[in-house]
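Undergrad: For reference, the sequence and a predicted model appear below.
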Amino acid sequence: MQDIQFKRHRRLRRTDSMRALVRETHLRTDDLIYPIFVVEGEGHKNPVASMPGVHQVSLDYLTEEMNELVHLNIRSVIVFGVPNEKDEIGSKAFHEEGIVQRAVRQIKEEHPALTVIADTCLCQYTDHGHCGVVRDGEIENDESLEYITKTAVTQAEAGADIIAPSNMMDGFVAAIRQGLDEAGFSNIPVMSYAVKYASSFYGPFRDAAHSSPQFGDRRAYQMDPANRLEAIREAESDVNEGADFLIVKPALAYLDIMREVKDRFNLPLVAYNVSGEYSMIKAAAQNGWVNEQEIVLEKLTAMKRAGADLIITYFAKDAAKWLNQ
Ligand code: PBG
């Protein structure tokens, strides 16, 4: 053995404290953003069948939900609205008494220190379920921008700390930035869903948010999972248009894209660990096939290793409990 030359990597793995010394990536509760689904009406805490542990809550249950987050040291939430009424242009999305606007107002009143992120999209609010306005069977880009901008401005008026547009229309960051600035909200950042793939991993979310397209699919605006250069072009436009954060979505099957976006742009990068990624692990864990805690912490750490600074995840509460232990 003496004459063979090799490197002893295991020296740095001998003990738990040694491994902690050389650990390169750390997951913190401050990295976690919890998604919440808010429904109209009263007395609702509806379990989402395909997402065990996730509920749609009405405003009267929102308080207890937010108290729980604060108790767990989670400091940011992203709010998705599930409205009672839908119409052709999604007008409930930009109504000042819309469900997201009311939820944001309530959260900021009760917990001013929480960072409240408003999801800015039309798909939950349009009767056809698309993220923009439909004219002659086509999603009308520029007209959609008007409604999306109105939505962002009413959300900022309600007190949202960050606007997160997820509609994938061209020019949405520029339009929203201009709208916010003109309305006096130049201090409100835009967290852009810069790179959003047309993914089957969104299935359970569409149950939770009642946002499935009623005809066709989203491939004329969301990206083809086969493309990498297109992700760079998308992110580049959003940076130029004034985005303050970039989201890559989904997360797990797109860690390569995350790394690339992180290396090219100097903005905080957000991984969206989407509904299908959540449900698959929950289902496997419920069957006793995987160790939920270990697998969740491993994958969240992997997203950070791939370059994510922040993670939007339905596992936020579970992860915070484990991290606080
Ligand atoms: C809607 C929206 C979707 C998600 C977030 N915002 C669904 C979609 O684009 O179809 C998916 C989130 C998830 O799956 O957890 N614009």
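TA: Sure thing, it's come through. Numbers count the residues shown, from 1 in each chain.
Undergrad: residues near Asp31, how many?
TA: Neighbourhood size, Asp31 [other Cβ atoms under 10 Å]: 22. (C-beta placed from N, C-alpha, C; glycine too.)
Undergrad: should've said Leu323
TA: When counting by other Cβ under 10 Å, one arrives at 17 neighbours for Leu323.
Undergrad: Now do the contacts for Gln178.
TA: Counting by Cβ atoms under 8 Å, 6 or more residues apart in numbering, Gln178 makes contact with Thr149.
Undergrad: Can you tell me the element it falls in?
TA: Assessed by DSSP states H and E, Gln178 sits inside helix 172-182.
Undergrad: So for that helix, what gets flagged as buried?
TA: For helix 172-182, burial by neighbour count (16 or more other Cβ atoms under 10 Å) applies to Phe172, Val173, Ala174, Ala175, Ile176, Arg177, Gly179, Leu180.
Undergrad: And the next helix or strand past that helix?
TA: Past helix 172-182, the next helix or strand by DSSP H and E is strand 191-196.
Undergrad: What's the first helix or strand after that next one?
TA: helix 203-209.
Undergrad: Val54 and Pro47 touch, don't they?
TA: Yes: Val54 is in contact with Pro47 according to Cβ atoms under 8 Å; the separation is 7.5 Å.
Undergrad: Counting neighbours, go ahead and name the busier of those two.
TA: For Val54 versus Pro47, the count of surrounding residues by other Cβ under 10 Å is larger for Val54: 23 against 12.
Undergrad: any idea what sits nearest that one, other than its immediate chain neighbours?
TA: Leaving aside its sequence neighbours, Val54 sits nearest to Val48 (Cβ to Cβ, 6 or more residues apart in numbering; 4.7 Å).
Undergrad: show me what contacts that neighbour?
TA: Applying Cβ under 8 Å, 6+ apart, the residues near Val48 are Phe37, Val54, His55, Gln56, Pro204, Asp207, Ala208.
Undergrad: Also Ser279?
TA: Ser50, Met51, Pro52, Gly203, Pro204.
Undergrad: what's the pLDDT at the last one?
TA: Confidence at Pro204, expressed as pLDDT, is 96.
Undergrad: swap in Gln2?
TA: pLDDT, Gln2: 69.
Undergrad: Next, count neighbours for the residue in the stretch 101-250 of the chain that the ligand sits nearest to.
TA: Minimum separation of the stretch 101-250 of the chain from the ligand (Cβ to the nearest ligand atom) falls at Phe205, amounting to 3.2 Å. Phe205 has 23 neighbours, counted by other Cβ under 10 Å.
Undergrad: Just to check, it is in contact with Ser199?
TA: No: judged on Cβ under 8 Å, Phe205 makes no contact with Ser199 at a distance of 10.1 Å.
Undergrad: so what sits against both of the two?
TA: Going by Cβ under 8 Å, 6+ apart, residues that sit against Phe205 and also against Ser199 are Val274, Gly276.
Undergrad: Would you state the strands of the chain in chain order?
TA: For the chain, strands defined by DSSP state E occupy the ranges 32-39, 45-47, 55-57, 76-82, 115-120, 133-135, 138-140, 162-165, 191-196, 245-249, 269-273, 310-313.
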